[in-house]
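A.B. asks: Provide a 3D model corresponding to the input given below.
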Amino acid sequence: MLPSIAPALQAAARAALHRGPGPCGCDAVTLADRPDGTVVRHGHTVAKVHAPGTDPAELRLRLAVAAHPALAGVLLPPLHDAAKPLEDRLVTFWPHGTPVDPDHPEHAPWEAAATLLARLHTTPMDRLPRALPPMRGPLKAARALARLHASAPDHPAARPVRHAWDTLPPWARAEEPYAHARALCHGDLHLGQLVRRPAGSGDWHLIDIDDLGIGDPAWDLARPAAWFACGLLPAEDWARFLTAYRRAGGARELAAPDPWPALDVPARALTVQTAALAVTKATAAGRPLDEAEVAVVDACDRMVRVPPDLGRDAAK
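C.D. replies: Residues are numbered from 1 along each chain as shown. Below is the predicted model:
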């Protein structure tokens with residue numbers, strides 16, 4: 001196993017917050033430590049080291065979007081307008097915010113998440129930096145399938161997951177340019193991507209710009225849609241989320257009385273991605289799938305028997 005970059009990142013976070021080398025008394029916490037991204041907090045500064053191979057030019061553009069006045073109150077703005085190098089990786093610095101409490105799902109800010117997405121999706125493109133990269137949602141899904149193939153190809157659950165993947169159109173598998181790309185999208189929306197700022201009592205903001213870019217707004221609603229379809233998100237929470245998105249004036253096709261023609265393929269792709277990661281992680285841990293993981297694998301099995309609605313592709 002490779003050594004953790006967290007100690008070096010803590011030192012970088014401390015240097016970003018303090019000018020001198022003396023004692024500071026700030027608390028230092030490692031928030032996440034994974035090969036694809038380590039996050040630490042030093043006092044009220046958060047430092048994130050991005051995945052190996054992160055494109056510096058694309059990250060710079062994403063930072064510019066997060067700092068843009070047009071996105072004030074939507075995306076958490078960075079503390080610096082450029083990433084800094086650290087051991088052949090790139091580091092960005094952010095103000096600390098309070099995340100969603102995973103122990104109290106009844107307090108999940110579904111309305112806030114939907115409202116922020118609606119504002120993100122309706123940001124005028126002419127106010128944003130040019131040449132923004134594509135939203136990376138389909139690429140993340142494809143990478144999840146590649147991990148499944150590499151680490152758990154013979155797991156009994158791998159077959160329905162792969163078969164469900166094969167039913168999706170090429171653009172949803174990152175094999176062709178993304179269809180319906182026309183708006184600024186987050187690319188990896190889940191409740192872990194929201195924080196309150198100022199910490200503790202402020203407004204909710206979206207965080208994590210690694211997958212931000214031009215894409216289909218349906219992809220940002222696809223994960224809660226998939227959870228709802230798999231029975232993992234109560235109908236009332238899904239209704240709260242969708243109603244708030246409509247009230248905030250989100251994308252027209254998603255605010256329609258029936259948004260599923262737009263949501264169907266992205267929700268299926270997120271279901272497959274979730275199932276692939278679940279099987280991969282369970283295999284690595286040497287444990288059986290838990291109840292939620294079985295639910296998403298079962299959903300993949302059902303998806304094979306009911307082909308996706310490709311009506312929007314046919315209308316291109």
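A.B. asks: if you count residues, which helix in the protein comes out on top?
C.D. replies: Ordering each helix of the chain by length in residues (DSSP state H) puts helix 260-285 first.
A.B. asks: Now the following helix or strand past it: average pLDDT?
C.D. replies: Following helix 260-285 in sequence order, the next helix or strand is helix 291-305 (DSSP states H and E). Helix 291-305 carries an average pLDDT of 96.
A.B. asks: which residues does the nearest residue to Thr54 once chain neighbours are set aside form a beta bridge with?
C.D. replies: In this structure, Thr54 finds its nearest non-sequential neighbour in Leu90, 5.3 Å apart by C-beta to C-beta, 6 or more residues apart in numbering. Where C-beta positions appear, they are placed from N, C-alpha and C, glycine not excepted. Judged by DSSP bridges, the bridge partners of Leu90 are Pro85.
A.B. asks: Just give me the neighbour total for Leu90.
C.D. replies: Around Leu90 there are 20 other residues, counting by other C-beta atoms under 10 Å.
A.B. asks: Could you look up the SS state of Arg41?
C.D. replies: With DSSP: H, G, I helix; E, B strand; the rest coil as the basis, Arg41 sits in strand.
A.B. asks: So for it, what pLDDT did the model give?
C.D. replies: Note on Arg41: pLDDT of 91.
A.B. asks: And it, how close does it get to Pro99?
C.D. replies: 11 Å (C-beta to C-beta, to the nearest Å).
A.B. asks: Hmm, His121 is touching Leu221, no?
C.D. replies: No. Applying C-beta atoms under 8 Å, one finds His121 not in contact with Leu221, separated by 9.4 Å.
A.B. asks: who's more crowded, these two?
C.D. replies: Leu221 (30 against 24).
A.B. asks: list the contacts for the more buried one?
C.D. replies: Residues near Leu221 by C-beta atoms under 8 Å, 6 or more residues apart in numbering: 117, 189, 241-242, 245, 254, 259, 263, 266.
A.B. asks: Same check on Val272?
C.D. replies: By C-beta under 8 Å, 6+ apart, the neighbours of Val272 are 141, 144-145, 161, 164-165, 168, 300, 303.
A.B. asks: ditto for Leu116
C.D. replies: Leu116 sits in contact with 74, 194, 204-206, where contact means C-beta under 8 Å, 6+ apart.
A.B. asks: From those, keep the buried residues only.
C.D. replies: Among these, those classed as buried by neighbour count (16 or more other C-beta atoms under 10 Å) are 74, 194, 204-206.
A.B. asks: Take those and keep only those in strands.
C.D. replies: Of these, the ones assigned to strands by DSSP state E are 194, 204-206.
A.B. asks: still on that earlier bit, and Arg41 and Pro99? Which one has more around it.
C.D. replies: More crowded of Arg41 and Pro99, by other C-beta under 10 Å: Arg41, with 19 against 15.
A.B. asks: quick one on the thing from earlier: for the ones in strands among the buried ones among the contacts of Leu116, which one is nearest Val296?
C.D. replies: Nearest to Val296 among these is Leu194, at 22.1 Å by C-beta to C-beta.
A.B. asks: nearest spatial neighbour of the closest one, skipping sequence neighbours?
C.D. replies: Trp204 (5.1 Å).
A.B. asks: Off-centre distance for stretch 204-211?
C.D. replies: Centroid displacement of stretch 204-211 relative to its chain, using C-alpha atoms, centre = their mean, to the nearest Å, is 8 Å.
A.B. asks: err, stretch 97-114, not the other one
C.D. replies: With C-alpha atoms, centre = their mean, you get 15 Å for stretch 97-114.
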